[in-house]
Structure formats: C-alpha cells, structure tokens
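**Q** All I have is the shape, not the residue letters:
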Ligand code: GLU
C-alpha cells in the first residue's frame, strides 16, 4: 500500500518534470493566418521551446456561426509551412461539446450558473432607464426569472481578481463590477468561448498561455471559472497586438491580408513586432534557434 503510493507519487513527479511546460496556440478559424495571429503563434511557440516545453495547436471553432473548416485547414497548412508543428494531436472544439456540457452541469450544480431571459435589447433598456454602467450586465435575472430562459450566465463575485502577466505585469479586475455576470451558454445554444477555452486548457494540461493582448481583459473571467471548478490557473503572457495603419487591431474579420509566400520574411516582421532586432536568418531552423536563445535571455 505504502509502496504503491510512493511509486504513484514518484511517477507523477517524473511526469511533472518531463512535461513541466505545456503551451498552446489556439486560433479561431474565422479567416486565414495573418500578421497578428502569426505574432501570437510565434511568441507561444518560441516560449514553449525556450522552456523545453510542449506546444499544442487547438482549433477554436466553438462559435460555428463565425468559423469555417476551410480556414482551419488553411491555418494548419500555414503553420506546417512555418515548421510550427503540434507536439500532440490537434483538437477542435466542435469535437468536445459533450465535455463542455459536463462542465457546464458541474458549474450549475455548484450554483455558479443561472438561466437568463434577457435579450440584448431588454438589457440596453434596463441600463438606459436606470443610468447603469453601459457594458455591464445589470444582474436582472440573478435572483431568478419566470420568463423563458435564453442564455446561461456565470455568477460573478464582488471581488478583485488579479494575476501577474509575464508581459504587462500586474493586472486586476473586479469582474462583478466591470463586466457583471457573463454568458457561458449562449441564447443560440452554443457554449461561449469563456467556458470552452478553460475546459480545453485544463484538459490538455496547459500551464502557460501566450496570446494576444486583446484577451487580457477576458482573463479574470477565465480565472473566475477556473477557481469555481477548483482548477489550477495557468500563467499568462499577453503580447502586444499588431495594429493596422488606422491603429485598429488587425483582425481576420477586418480583412487583414494573408501572409506572403516569403514566410521567413513574415517571421522576421513578427519577431520585430515582439520587440527584437531582425535575426537575418537564412533558414527557418536557424531563425528558431536564434529566436529561442534570445527569448530565453529576455523571458526566463
Ligand atoms: N481563439 C482566440 C483567437 O483566435 C484565441 C483564444 C486564446 O488564445 O485563448 O483570437
């Protein structure tokens, strides 16, 4: 009995040493890979290599109203040409709906979720009539509703949630005050990104997240769900967004251009966007070797 416990403990210890770092790149296939998503892919890939960690690719297609299989194919094909290969099977969120349902029910049973009958319009009306904060759910259904349920919301607590971002430093937000109870299952029946992302990261053992800064204000919401489930939170690094000439976030929806065929040049631009001098590498392998060494100096 004692010996078995020791062996199990030792095995877990060895596994944790061998796989101490697991990171990921999790693109939504709403368009092809562009300069903005390349910067996120590169930062997460190089960070994983700099930690001798594993790097996984996940296709975040949970929002089937916006995602297309042809974009998923194109993104995976481009990552392949960039020599960024997943150290494990590529998972797709649309294959994991049963698992999201299971976690959703667990949250419901723990009292962290409630049904909401508000429409976008009725929320706007309440906010205007009572002069409330414009972007916060006012909590109308928090204590129950007799109307038909449309969406399901996570019940936030009035407290500050803080984390140390590896790029931006201390970040904190009182989700209850600033966002209010947020949707984890949408009125159209789809699970929301906020739920899917934490279930996927948890199940894949992701302990280091490197992604675009547009998501930094989503992170406290995701930490709140992690904590509600008693799951350990990963560490976070949010990297500066690539902006277009007008200073807007480069996005697939805003028609960001596809990468050129000269992928080495595209990698060099993404690298400079991350605040480094050009590497002038002749091959991709030379590029990554130098990038990993410099990244280690800066971020370890
Ligand atoms: N799927 C998100 C995107 O493509 C990224 C989500 C994440 O990294 O957590 O912007």
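**A** All right, it came through fine. Keep in mind that this is a model prediction, so the values were computed, not measured. Numbering: from 1, shown residues only.
**Q** For the closest residue to residue 217 other than its chain neighbours, give me its contacts.
**A** If the residues on either side of it in the chain are set aside, residue 217 comes closest to residue 173, at 6.6 Å by CB to CB, 6 or more residues apart in numbering. Where C-beta positions appear, they are placed from N, C-alpha and C, glycine not excepted. Shown in contact with residue 173 (CB atoms under 8 Å, 6 or more residues apart in numbering): 160-161, 179, 217, 220.
**Q** Confirm that residue 282 sits in a strand.
**A** No. Residue 282 is assigned coil when assessed by DSSP: H, G, I helix; E, B strand; the rest coil, not a strand.
**Q** What number of residues are in the vicinity of it?
**A** Close neighbours of residue 282, defined as other CB atoms under 10 Å, add up to 9.
**Q** pLDDT wise, what is it at?
**A** pLDDT, residue 282: 96.
**Q** likewise the one 5 residues further on?
**A** At residue 287, the pLDDT value in this model is 98.
**Q** quick one, what contacts the closest residue to residue 134 other than its chain neighbours?
**A** Spatial nearest neighbour of residue 134, excluding adjacent residues (CB to CB, 6+ apart): residue 127 at 6.1 Å. Taking CB under 8 Å, 6+ apart, we find residue 127 in contact with 133-134, 136, 138.
**Q** What subset of these is buried?
**A** Among the contacts of residue 127, those buried by neighbour count (16 or more other CB atoms under 10 Å) are 136, 138.
**Q** from the contacts of residue 127, which ones fall inside strands?
**A** With DSSP state E as the criterion, strands contain none of the contacts of residue 127.
**Q** Need the buried ones from the contacts of residue 173 selected in PyMOL.
**A** With 16+ other CB under 10 Å as the criterion, this PyMOL line picks the buried residues out of those:
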select buried, resi 161+179+220
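**Q** Let me know the closest of the contacts of residue 173 to residue 298.
**A** Of all those, residue 298 sits closest to residue 217, with 24.6 Å by CB to CB.
**Q** who in the stretch 201-300 of the chain is up against the ligand?
**A** 211, 215 (CB under 6 Å from any ligand atom).
**Q** The stretch 201-300 of the chain: helices as residue ranges?
**A** In the stretch 201-300 of the chain, the helices defined using DSSP state H, counting those that start in this stretch lie at 219-229, 263-273, 284-299.
**Q** Same question for the stretch 51-200 of the chain.
**A** Shown for the stretch 51-200 of the chain, the helices assigned by DSSP H, counting those that start in this stretch span residues 69-81, 97-109, 120-129, 175-178, 193-203.
**Q** what about the second one, distance to the chain center?
**A** Pointing back at helix 97-109 there. 19 Å (CA atoms, centre = their mean, to the nearest Å).
**Q** and it, what does it pack onto?
**A** Helix 97-109 sits against strand 151-154, strand 182-185, helix 193-203, helix 219-229, with contacts defined as 3 or more CB pairs under 8 Å, 6 or more residues apart in numbering; DSSP states H and E.
**Q** Please render those as a markdown table that adds mean pLDDT to the earlier fields.
**A** Output for the helices and strands packed on helix 97-109, formatted as a markdown table (pLDDT from 0 to 100):
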| stretch | mean pLDDT |
| --- | --- |
| strand 151-154 | 98 |
| strand 182-185 | 98 |
| helix 193-203 | 98 |
| helix 219-229 | 98 |
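**Q** Quick one: residues contacting the residue of the stretch 101-250 of the chain found nearest the ligand.
**A** Going by CB to the nearest ligand atom, the ligand is nearest to residue 211 of the stretch 101-250 of the chain, at 3.6 Å. Residues near residue 211 by CB under 8 Å, 6+ apart: 26, 40, 44, 237-239.
**Q** could you redo the last one with a cut-off of 10 Å?
**A** Contacts for residue 211 (CB atoms under 10 Å, 6 or more residues apart in numbering) come out as 23-27, 37, 40-41, 43-44, 197, 218-219, 236-239.
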